[in-house]
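Enquirer: I would like the atomic coordinates for the input below:
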Amino acid sequence: MTERELVMFKNSKSEDMSVPENFDTNTIDRIAEGTVIEGSIKSTKSIRIDGKVKGSVFCAGRVVVGKTGLIEGEVECDSADVEGTLNSTVKVKGLLELKATAIINGDSQVGKLAVIPGAEINGKLDMGGTVKSLSKSDSTENPVEKTA
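Expert: Below is the predicted model of the structure:
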């Protein structure tokens, strides 16, 4: 190669391989399809799982389980979006979104739930609603039925 060809090759490669200044690789952890992890995962960020996890997942952010994703263990997170399979107990503080291909085999405790027809839940489901207590004066003057 001539010196000019080397410079052209070098410049084109470095431009294509450069990382944009505003690109943040630390925003989400990812377990790719075909990857198997055995053991617990703890993340302070969000995580996307397209592979298989044989163990617990503890996440301070959002857990996304893709169509090919599988978790066999406990899941605790702030929110979750599931297309794959969870063979586990699930504790979601906020919203649990189940897509049409989602399957949960285990008990779930969630703050809110969104389900697209086709999703399966095989286990006990507890939704976090709280019942406000009535003051004594309210209960004697106007009896009100409490419902969850």
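
Enquirer: Render the CA-only coordinates of the one helix or strand Leu113 maps to in PDB, please.
Expert: Counting by DSSP states H and E, the element that carries Leu113 is strand 108-115. The C-alpha trace of strand 108-115 is given here as PDB (Å, rounded to 0.1, in the frame of the first residue of the first chain):
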ATOM      1  CA  SER A 108     -45.800 -11.900  41.700                       C
ATOM      2  CA  GLN A 109     -46.100  -8.900  43.900                       C
ATOM      3  CA  VAL A 110     -46.500  -5.600  41.900                       C
ATOM      4  CA  GLY A 111     -47.500  -2.000  42.400                       C
ATOM      5  CA  LYS A 112     -49.200  -1.700  39.000                       C
ATOM      6  CA  LEU A 113     -49.900  -4.200  36.200                       C
ATOM      7  CA  ALA A 114     -50.400  -3.900  32.500                       C
ATOM      8  CA  VAL A 115     -51.200  -7.000  30.500                       C
END
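
Enquirer: For the protein, name the helix or strand with the lowest mean pLDDT.
Expert: helix 3-17 (a mean of 45; mean pLDDT, DSSP states H and E).

Enquirer: related to what we said a few turns ago, tell me the helix or strand right after the strand holding Leu113.
Expert: strand 120-122.

Enquirer: Quick check: neighbours of the helix or strand just after that next one in the sheet, parallel or antiparallel?
Expert: Following strand 120-122 in sequence order, the next helix or strand is strand 125-127 (DSSP H and E). According to DSSP bridges, strand 125-127 forms sheet pairs with strand 108-115 (parallel).

Enquirer: Buried residues, the strand it pairs with. List them.
Expert: 108-110, 113 (16 or more other Cβ atoms under 10 Å). C-beta coordinates here come from the backbone N, C-alpha and C atoms, glycine included.

Enquirer: Most widely separated two among those residues?
Expert: Gln109 and Leu113 (10.6 Å; Cβ to Cβ).

Enquirer: hmm, back to that, quick one: average pLDDT of the strand holding Leu113?
Expert: For strand 108-115, mean pLDDT is 94.

Enquirer: So which residues make contact with it?
Expert: Identification of contacts with strand 108-115 by Cβ atoms under 8 Å, 6 or more residues apart in numbering yields 89-98, 121, 123-128.
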